[in-house]
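K.L.:
fold the following and give me the result.
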Amino acid sequence: MMYRSRFSVVLFGVLVLGPFGTAVAQGPQGPGGATPLPLAIDLKKVPVGSWSEYRIADGQNTMVVRMALVSRTGQLAYLETEIKGGPVAALGRTTMRMAVPLEDAAEVKPKEQVIQLGDNPPMILPAEMSGGKSQSFRKLDPKKRVGVDNVTVPGGAFPKADHYQDKGAAGETIDFWISKSVLPFGLIKVSSTGAPGGKAVTMELTGKGADAKPVITKTPQPFDAASIMKQAQPAMGASKGPHGAAGPHGAGDSHGPGGPHGAGGPPPRAIPSPQQGMPGTLPGAPSAPPAKDTKK
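P.N.:
Predicted coordinates:
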């Protein structure tokens, strides 16, 4: 049950805070405000199809995140972020699509966010769900530039990368290194340290290209909290607890089917959701079939 509650927090991070927020949300402090990602390049000038892939690690979990500019219409740029591995590995692939305004502002937030778990139908995330904490993009502030470094990451070597330093929403120190040759955002590396009770988080470039295609191609449906939690059931039951997959009392946990009360014992208690409006989850709830993991 503890793992399922923790997974709900991580899923909240994916839904609302974005990939970097997902990593931060795993710390003892729980999910806070999203850490803005630096935006070093004007998205109006970035070729559609540009993508960059990163490895995000916090010392315990590692995720692979691919961010791509997949479309641009009118005054909106459509960005897709694919997340694999880490605490959401059992979902196969989690894809977020954000409609980002092409405006000359210091910080921009998506006008619309769509999520798709595996190959399940995509859903529109309601604006009120984020509570003002959704992923945002912040243009570079020249005052935050602290130097020029030679940076080597799995995605290549970058001599004379611009080094910036800022503070995050939880008080952490964020260092990031920029090269305008890395599209669509210019990010080479991000390092976050010093969040209260949190872990050090690093995000490093592993590859880049120009041939990205949209993953989310179906018309998004209205958000259905019960449906999305059902889609997440395979991942919620995939991790083994301290006593193995069956737990100390046999199949299921101590209060689930096969626990000390047997099938006819007291009903299991629902696990509260970390986000208002999302239902609790039952330990014995049926699981949806695992989603396929397909690549572009």
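K.L.:
wait, doesn't F158 sit right on T152?
P.N.:
Yes: using C-beta atoms under 8 Å, F158 is in contact with T152, at 7.4 Å. C-betas here are computed from N, CA, C, even on glycine.
K.L.:
more neighbours, those two?
P.N.:
F158 (20 against 13; other C-beta atoms under 10 Å).
K.L.:
pretty sure that one belongs to a strand, no?
P.N.:
Yes: the assignment for F158 is a strand, going by DSSP: H, G, I helix; E, B strand; the rest coil.
K.L.:
who are the contact partners of it?
P.N.:
N150, V151, T152, W177, S179, S181, V182, I188 (C-beta atoms under 8 Å, 6 or more residues apart in numbering).
K.L.:
now do D211
P.N.:
G49, W51.
K.L.:
hang on, it in a helix?
P.N.:
No: if the criterion is three-state DSSP, then D211 is coil and not within a helix.
K.L.:
hang on, the earlier thing: just the contacts of F158: which are in strands?
P.N.:
N150, V151, T152, W177, I188 (DSSP state E).
K.L.:
ok, how many other residues are close to the last one?
P.N.:
Other residues near I188 number 29, with proximity taken as other C-beta under 10 Å.
K.L.:
does R93 touch K84 like I think?
P.N.:
Yes: in terms of C-beta under 8 Å, R93 counts as a neighbour of K84; the distance is 5.6 Å.
K.L.:
before we move on, back to that, K218: which of the contacts of F158 is nearest?
P.N.:
Distance to K218, by C-beta to C-beta, is smallest for V182 among these, at 30.0 Å.
K.L.:
any idea how many residues pack against that closest one?
P.N.:
Residues near V182, counting by other C-beta under 10 Å, number 23.
K.L.:
quick one, phi/psi of it?
P.N.:
When read as degrees, to the nearest 10, the backbone of V182 gives phi -100, psi 100.
K.L.:
contact partners for V215?
P.N.:
V215 sits next to V70, E80, E82, R93, T95, Q116, K296 when contact means C-beta under 8 Å, 6+ apart.
K.L.:
just the buried residues out of those, in ChimeraX syntax.
P.N.:
Typed into ChimeraX, the line below selects the buried ones among the contacts of V215, using 16 or more other C-beta atoms under 10 Å:
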select :70,80,82,93,95,116
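K.L.:
among the contacts of V215, which two are most distant?
P.N.:
Farthest pair in these (C-beta to C-beta) is V70 and R93. Separation: 14.9 Å.
K.L.:
quick revisit: which one of the contacts of V215 is nearest A127?
P.N.:
For the contacts of V215, the closest approach to A127 (C-beta to C-beta) belongs to Q116, at 18.3 Å.
K.L.:
is that closest one in a bridge, and if so with what?
P.N.:
Beta-bridge pairing of Q116 under DSSP bridges involves T95.
K.L.:
measure it to P214 for me?
P.N.:
11 Å (C-beta to C-beta, to the nearest Å).
K.L.:
next: G168.
P.N.:
Taking C-beta to C-beta as the measure, G168 falls 30 Å from P214.
K.L.:
counting neighbours, go ahead and name the busier of these two.
P.N.:
G168 (22 against 14).
K.L.:
I'd guessed V182 sits against G209; true?
P.N.:
No: contact between V182 and G209 fails when scored by C-beta under 8 Å: they sit 10.8 Å apart.
K.L.:
cool, thanks, talk later.
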